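**Q** please work out how this folds:
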Amino acid sequence: MIRPIKIAISLSIAGLVGLAACNPVSTLNALTLTRGLGVDQNVKYGLLERQVLDIYRPANPQNAPMVVFVHGGSWTSSGKEDHKFVGESLAREGIVTLVINYRLFPKVVYPAFTEDTVLALRWAKDHALELGVNPARIYAMGHSAGAFNAADAIVDRAKLKAQNLKPLDFAGVIGLAGPYDYDYNTSYTKNVLERVMPARKVTPGLPPFLLLVGENDTTVEPQNGLSMRSSLEKNNNPVKYVAFAGANHLTILGAVGRRITFL
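**A** The predicted structure follows:
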């Protein structure tokens with residue numbers, strides 16, 4: 001069973017669906033305050049320009065869980081600055097959170113996106129104790145393209161091995177609206193799909209996966225989550241799939257934000 005870490009499973013979807021006419025992510029970011037939290041920005045996890053992360057942590061964490069959050073944006077846009085509300089929300093729940101950047105297309109192509117994600121996970125393991133984190137309680141989490149990156153980073157053993165890591169070094173994967181197995185573009189050959197799609201690379205011995213989708217998501221269809229769940233189940237890996245009625249591609253991410261207060 002996936003341990004609840006008081007993350008967006010308390011997703012306040014209903015309260016955010018009404019924000020769908022605007023951009024709930026931008027709205028939450030604009031209203032996010034980090035007073036009382038420890039925040040470190042632009043920490044380097046690698047040598048290249050976009051290999052940086054922001055750290056959000058509660059006061060005096062001890063043996064805390066950690067989430068490494070990977071942003072979406074079709075691998076072409078967005079960044080950690082757009083997801084301040086994610087770091088703040090999770091840190092308020094006692095979770096040390098790393099919100100990472102990674103290299104983008106067209107400067108790089110796959111697999112650079114997920115290689116950066118693995119490198120960030122390596123950094124998280126190496127710095128867990130100094131951040132007050134239990135190294136056995138590190139989760140990879142992402143939205144959309146970032147959920148692909150998070151899943152691919154954990155299922156692709158070769159990428160992990162390159163950083164002296166293995167799947168069970170991590171406590172789990174939390175994917176929001178991830179494109180784990182899209183094959184509707186006929187320009188992709190079967191060989192490419194087998195090498196790239198996380199759902200096609202699942203093997204036994206993975207940590208638990210929590211797959212969250214919005215039933216009204218027309219950007220990344222929920223079938224992607226169902227395909228990933230099927231692959232995980234066939235390989236006897238623990239997985240939970242949750243489809244939220246009324247949620248779409250943006251509101252499922254916006255719902256990670258805690259209820260607006262003035263703390």
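
**Q** in the chain, where's the longest strand?
**A** Counting residues, the longest strand found in the chain (DSSP state E) is strand 133-143.

**Q** and that strand, which residues are buried?
**A** Applying a neighbour-count criterion of 16 or more other Cβ atoms under 10 Å, one finds 133, 134, 135, 137, 138, 139, 140, 141, 142, 143 buried in strand 133-143. Yep, even glycine has a C-beta here, placed from its N, CA and C like the rest.

**Q** what does stretch 56-75 give?
**A** Of the residues in stretch 56-75, those with enough neighbours to count as buried (16+ other Cβ under 10 Å) are 56-58, 61, 64-72, 75.

**Q** what mean pLDDT does it have?
**A** Averaging the model's pLDDT scores along stretch 56-75 yields 96.

**Q** what about it, distance to the chain center?
**A** Once both centres are worked out by Cα atoms, centre = their mean, to the nearest Å, stretch 56-75 turns out to sit 9 Å from its chain's centre.

**Q** which helix or strand in the chain has the lowest average pLDDT?
**A** Per-element confidence for the chain was summarised using mean pLDDT, DSSP states H and E. The lowest value among helices and strands belongs to helix 13-17, with a mean of 37.

**Q** what is the subsequent helix or strand relative to it?
**A** From helix 13-17 onward toward the C-terminus, using DSSP states H and E, the following helix or strand is helix 24-30.

**Q** packing partners for that next one?
**A** Under the contact criterion of 3 or more Cβ pairs under 8 Å, 6 or more residues apart in numbering; DSSP states H and E, the helices and strands touching helix 24-30 comprise helix 84-92, helix 251-254.

**Q** which parts of stretch 124-131 are buried?
**A** For stretch 124-131, burial by neighbour count (16+ other Cβ under 10 Å) applies to 124, 125, 127, 128, 131.

**Q** for it, output the C-alpha coordinates as CSV.
**A** Only the C-alpha atoms of stretch 124-131 are listed here, as CSV (Å, rounded to 0.1, in the frame of the first residue of the first chain):
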residue,chain,number,x,y,z
ALA,A,124,18.4,14.5,-3.2
LYS,A,125,19.8,11.2,-1.8
ASP,A,126,23.2,12.8,-1.2
HIS,A,127,21.8,15.8,0.7
ALA,A,128,18.9,14.1,2.5
LEU,A,129,20.4,14.0,6.0
GLU,A,130,21.7,17.6,5.9
LEU,A,131,18.1,18.7,5.0
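
**Q** got the contact list for that stretch?
**A** 55, 57, 61, 64, 66, 68, 96, 98, 133-135, 138, 165, 169 (Cβ atoms under 8 Å, 6 or more residues apart in numbering).

**Q** what about 7 Å?
**A** Contact partners of stretch 124-131, identified using Cβ atoms under 7 Å, 6 or more residues apart in numbering, comprise 57, 61, 66, 68, 96, 98, 135, 138, 169.

**Q** for the fifth one, report the pLDDT, please.
**A** Per-residue confidence for residue 96 comes out at a pLDDT of 98.

**Q** for residue 46, see how far away it is.
**A** Plainly put, residue 96 is 20 Å away from residue 46 if you go by Cβ to Cβ, to the nearest Å.

**Q** give me the more crowded residue out of the two.
**A** Higher neighbour count among residue 96 and residue 46: residue 96, with 27 against 19, using other Cβ atoms under 10 Å.

**Q** bridging residues for the more buried one?
**A** According to DSSP bridges, residue 66 are recorded as the beta-bridge partners of residue 96.

**Q** coming back round to it: could you dump the buried residues of stretch 56-75 into TSV with secondary structure and distance to residue 91 added?
**A** Compiled in TSV, the buried residues of stretch 56-75 are given as follows (DSSP: H, G, I helix; E, B strand; the rest coil; distance: Cβ to Cβ, whole Å):
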residue	secondary structure	distance to residue 91
56	strand	4
57	strand	6
58	coil	5
61	coil	9
64	strand	10
65	strand	11
66	strand	10
67	strand	9
68	strand	13
69	strand	11
70	strand	17
71	coil	17
72	coil	20
75	coil	26
